[in-house]
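Enquirer: The following comprises the amino acid sequence and a computationally predicted model.
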Amino acid sequence: MVATPSKGGIGSQSPQSREIVIPPLWADAAESAAAPGPVVVAICGPKNSGKSTFSRFLLNTLLHRYKRVGYLDTDVGQPEFSLPGFISLNIIDEIIQDLANPTLRDPERCFFFGDTSSKRDPEAYLNCVYNLYDYFCANFRNNLAENNAESIIPLIINTPGWVKGTGYDILVEILKYISPSVVVKLQISAQSKNLPGGMFWLDGEPGSCINVIEISAAQQDSLSRSVLVRKDAPVLRDQRLFEYFKRCFSKEMNISTNKELAFALASIPPYQVDFSKVKVSHLHCRVPSGETWHSLNATIVGLCVSSEMPARPDSYPWCIGLGIVRGIDVSRGLLYVITPIPIQSLQKVDLLIQGLIEIPTSLLQVKGCASPYMSTNVLHKISPNDS
């Protein structure tokens, strides 16, 4: 990928936070899960049960004992440290200050799955999870010289809240493959939505040395407000994308609104990419071969390196981030991409993956801003007389 990089550093905006009061049972569960040894903790439960909050608290508990903690984020809809549509492995070495909100971080390794649910391709989804776990074992577990706190890196696996039907089957396969030493199951008041009791993933087979911890969802924060506020997932995903693409600009720009970000993205010089330097892959949909390049216009794409493939067969390539395709010039064989990825890393990209993650509409529909993502080459221009 060849380009002229835009100017600017990395900026971010912290979401509103509130103090979370951890129930005594949660604190006891975290202490039990953080027992000495090569800890692998899987956190599971239905939607809106507090998995993310508990995982942050457990992460902090482990960081008081270990220098680093691995975090395998398998929730493509509401990831903890990465972007929507990603499955990622993160290595965390600092305490999480905000237990109420997720934090965007650069992952150790990640895949762009391209959807906010695993239902369209469970096999590919599981392959990504397995690859990341294998990578963790090969690079952070199997090469340990000593069994002490200086070298051991515990692993937390945060799982999606889809625990019925196919979602249940996927969770069972993840637990069977990883064989965690601890499984924390969060439960809500609606019993029909909870996971079965015991070691449900073992089909009745005895599990050796597995610590299964069942806890109820937390009910209140320090102001006696419900902790389990129903989340607006699409809004949270859009906010995560806003936060990511703000990284294209320096902190001094102080971008604080969607409109300001839309104007900034419209004015930033994009990277220029020659068609011959990259290949294109589409996930979860089929595109006619003659429409491959046109289909990328005004879309979000995963920036991948096909030369760095995981060991498992039929794997997705490793992904280094996202880009917005701001324009296509088919006659010249060029496309124009906006991304916060540094030019040194971008030079390795040779594959663009298009999934179902879309540009937030608030970045496309800004009053007073001529959106650079909307084509003027249309079949019919609608005039006031057409309405």
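Expert: It's in.
Enquirer: So, low pLDDT: which residues of the stretch 201-350 of the chain?
Expert: Within the stretch 201-350 of the chain, the ranges that satisfy pLDDT under 70 run 204-208, 219-231.
Enquirer: how about the helices in it?
Expert: Per DSSP state H, counting those that start in this stretch, the stretch 201-350 of the chain carries helices over the ranges 233-245, 258-267, 343-346.
Enquirer: looking at those, which is closest to D134?
Expert: Smallest distance to D134 across the helices of the stretch 201-350 of the chain (CB to CB): 23.1 Å, for helix 343-346. Any C-beta I mention is one placed from the backbone N, CA and C, and that applies to glycine too.
Enquirer: To I174, which of the helices of the stretch 201-350 of the chain lies closest?
Expert: Per CB to CB, nearest to I174 of the helices of the stretch 201-350 of the chain: helix 233-245, 20.9 Å.
Enquirer: can the helices of the stretch 201-350 of the chain go into JSON lines with extra columns for mean neighbour count and distance to S52?
Expert: Formatted as JSON lines, the helices of the stretch 201-350 of the chain follow (neighbours: other CB atoms under 10 Å; distance: least, CB to CB, whole Å):
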{"stretch": "helix 233-245", "mean neighbour count": "18", "distance to S52": "11"}
{"stretch": "helix 258-267", "mean neighbour count": "18", "distance to S52": "24"}
{"stretch": "helix 343-346", "mean neighbour count": "14", "distance to S52": "28"}
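Enquirer: Report the spatially closest residue to L265, excluding sequence-adjacent ones.
Expert: Ranked by CB to CB, 6 or more residues apart in numbering and with sequence neighbours excluded, the top spatial neighbour of L265 is I338, at 6.0 Å.
Enquirer: Was I right to think that neighbour contacts S267?
Expert: No - in this structure I338 lies outside contact range of S267 using CB atoms under 8 Å: 10.6 Å.
Enquirer: Count the neighbours of the residue nearest to I300 when sequence neighbours are not counted for me.
Expert: Closest residue to I300 apart from its sequence neighbours, by CB to CB, 6+ apart: I357 at 5.0 Å. Counted by other CB atoms under 10 Å, the residues lying close to I357 total 23.
Enquirer: Tell me where the stretch 101-250 of the chain has strands.
Expert: Along the stretch 101-250 of the chain, counting by DSSP state E, counting those that start in this stretch, strands occupy 109-112, 155-158, 182-187, 211-216.
Enquirer: wait, which of these is closest to L83?
Expert: Closest to L83 of the strands of the stretch 101-250 of the chain, according to CB to CB: strand 109-112, at 8.4 Å.
Enquirer: report the angle between the axes of the strand ranked longest in the chain and helix 233-245?
Expert: The residue-count maximum for a strand in the chain (DSSP state E) belongs to strand 318-329. Interaxial angle of strand 318-329 relative to helix 233-245 (axes from the mean of the first three to the mean of the last three CA atoms, to 10 degrees): 90 degrees.
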